[in-house]
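Q: here's my sequence, what's the structure:
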Amino acid sequence: MRAVLAAMATALAVLGGQTVRADSASEAAALYDHLAGAMKKCWFSGDPAFAAYRYSPEVNAGVPRILLVEKKMPYGLPRLVVEPKRAGTADAYGPLLASALAPRIRDDLTRWLKGNAECSA
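A: You can find the predicted model right below:
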């Protein structure tokens, strides 16, 4: 009987974990869409501050990521990586966060993570 209960508890834990992952994955996908739309609208629609970069989505890596790469080196290392996690959270890293664009990037991402899709003034 204990073995059956242990197996059932393990199955429930696994199923519960899959549900959480599915929810987290759908939250991350929705956040990815929101952030990508805001970036395209605000950074890649003629903003001279981001003219040297291009938006490069990466959705096939298991975790959707948004990459900013140099236009002249589109297959080079990303200059900024944004990994949406779940509603309101994302990881961001890369050399652009140590550049003059860092305050703007942080401000924009903070605003967009709160649900606002407006561009900087």
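Q: following the lowest-mean-pLDDT helix or strand in the chain, which helix or strand comes up?
A: Least confident helix or strand of the chain, by mean pLDDT, DSSP states H and E, is helix 2-42 with a mean of 60. Counting by DSSP states H and E, the next helix or strand C-terminal to helix 2-42 is strand 53-58.
Q: buried ones in that following strand, by neighbour count?
A: Of the residues in strand 53-58, 53-54 count as buried by neighbour count, 16 or more other CB atoms under 10 Å. For glycine as for every other residue, the C-beta is placed from the backbone atoms N, C-alpha and C.
Q: average pLDDT for it, rounded please.
A: The average pLDDT within strand 53-58 is 91.
Q: pLDDT score assigned to residue 89?
A: Here the pLDDT value assigned to residue 89 is 89.
Q: measure it to residue 52 for me?
A: 28 Å (CB to CB, to the nearest Å).
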